[in-house]
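Colleague: got a sequence here, can you model it:
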Amino acid sequence: MDLNCREFLRLLTIAAHSEKGYDRGGGRLRDMNSNWNGAILPEVEREFEKTTEWQRYQDALLESAEAQIAKETKLINNPQREQILSNPGNAPITLSSKCGVDAAGAEPEDHSAESPDLWSAVCAVCGHYQIHHDSAGCFLDPQGRNSQDPGILSRSALKKTGALCWCPKFIADFSRAADLIYESGNLEALKHGAKEAITRGDPGSARRLLDQLIIKTPPAVRDLDWIKAVERSIAAVKPAALVPESADNKPGRALARSPDFVNFAGRLWLTAKGQSGNANVKAEQLRQIASGLDERQYIPPAEYLEGDCARELKAFNSRNSNSKKGPIQTWSQLITFGDKDHLRGMRRLLSRCAQKQPL
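Modeller: Here you go, the predicted model:
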């Protein structure tokens, strides 16, 4: 009971802070739950424990424990103990109950009559059986257990807080499931989807989901070791086909780029455009894109930029190879240096990659 009550308090705290966590001036109040696992922060929990309501809850919890102990003591001293234990519902043992008929004369519900497909069909979105889905999606918790609905939050709110599996509907086909995970999945769903795609021998979906995971994960909390391990697994399924760099030796011709770079860079740009309402991509968004390109080792920028911009950057690097300023070897350095021509060339490159994305 205590675990359920504490989980209810955790979810209630998340919902209350999300909906009403503002001061009188409209400013955001400090966090009450961990941004890592959703747990109530220790200092907030201590404040809860000082309240009169918490003390009343502790008294009720103690009374419940004492009542349970008294019940078990009474059961131990009962001469019919074995009969009671064999009939845990404490219903009278009658001929009808022994024959499998309830008090109303009806046979108990036979769950084995459910369609076998419901029990064997697995959802490609979340990995749970179809029997655990309804019109609003999966109703298990993220660990695949029956969830304990605290009763105050709606199904959609429970999914947002992470108390319920995020899956919005049952899909058996993995290609369709991968599309749904890409569009709406949280970070755990994207991880699961990328690994599942590798298992199914689908490197294209695996790469796509991994790229989306990188885009959605803040740079400070990206698990680079895990990302690199997944990239190696994808390459083992089907090595990426790269275009030889020697194909771009002629002045004014676009540099050769791998399809992976074009897809990844294009999706980064489209995501940033979507976040800004299809307006200009902001400087901070461009910095995040640069971080993503660096982590995927699409460096140095001079090997990816186009035409005059690429040649100018190579000339700049040559002039500054031994200077204090140094050459620009990463996209993040290009952003930090802030040369308008370099930034314009980066934006043009990303925009062209985005134009090659399927609609």
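Colleague: buried stuff in the lengthiest helix in the chain?
Modeller: Scanning the chain for the helix with the most residues, using DSSP state H, yields helix 52-76. Using 16 or more other CB atoms under 10 Å as the test for burial, helix 52-76 gives Y57. Quick note: C-beta positions are derived from backbone N, CA and C, even for glycine.
Colleague: now for that helix, which elements pack on it?
Modeller: Counting contacts by 3 or more CB pairs under 8 Å, 6 or more residues apart in numbering; DSSP states H and E, helix 52-76 packs against helix 2-20, helix 81-86.
Colleague: now do the buried residues in the longest one.
Modeller: Same thing as helix 2-20. Buried, per 16+ other CB under 10 Å, within helix 2-20: F8, L9, R10, L11, T13, I14, A15, H17.
Colleague: and the residue lying closest to S233 once chain neighbours are set aside, helix, strand or coil?
Modeller: The shortest distance from S233 to any non-neighbouring residue, by CB to CB, 6 or more residues apart in numbering, is to I198 (5.0 Å). Here I198 is recorded as helix under DSSP: H, G, I helix; E, B strand; the rest coil.
Colleague: was I right about I198 contacting I234?
Modeller: Yes: with contact defined as CB atoms under 8 Å, I198 counts as touching I234 (6.3 Å).
Colleague: give me the common contacts of the two.
Modeller: Residues touching both I198 and I234 (CB atoms under 8 Å, 6 or more residues apart in numbering) are A206.
Colleague: tally of neighbours for the residue nearest to S233?
Modeller: I198 has 20 neighbouring residues, counting by other CB atoms under 10 Å.
Colleague: distance of it from A236?
Modeller: 8 Å (CB to CB, to the nearest Å).
Colleague: same check on Q297?
Modeller: 17 Å.
Colleague: mind listing the helices for the stretch 251-359 of the chain?
Modeller: 259-275, 283-295, 307-319, 331-337, 340-355 (DSSP state H, counting those that start in this stretch).
Colleague: W226 is nearest to which of the ones you listed?
Modeller: Of all the helices of the stretch 251-359 of the chain, it is helix 283-295 that lies closest to W226, at 11.9 Å by CB to CB.
Colleague: what residues sit buried inside the closest one?
Modeller: By neighbour count with 16+ other CB under 10 Å, helix 283-295 contains the buried residues Q285, L286, Q288, I289, A290, S291, G292, L293, D294, E295.
Colleague: next: stretch 337-357.
Modeller: H342, L343, G345, M346, L349, L350, C353, A354.
Colleague: domains in this protein, by residue range?
Modeller: Structural domains annotated on the chain: 1-64, 118-161, 174-237, 245-355, as defined by automatic domain parsing.
Colleague: among those, where is the model least confident on average?
Modeller: Among the domains of the chain, domain 118-161 has the lowest mean pLDDT, at a mean of 75.
Colleague: give the contact list for I198.
Modeller: I198 is in contact with A206, V230, S233, I234, V237, counting by CB under 8 Å, 6+ apart.
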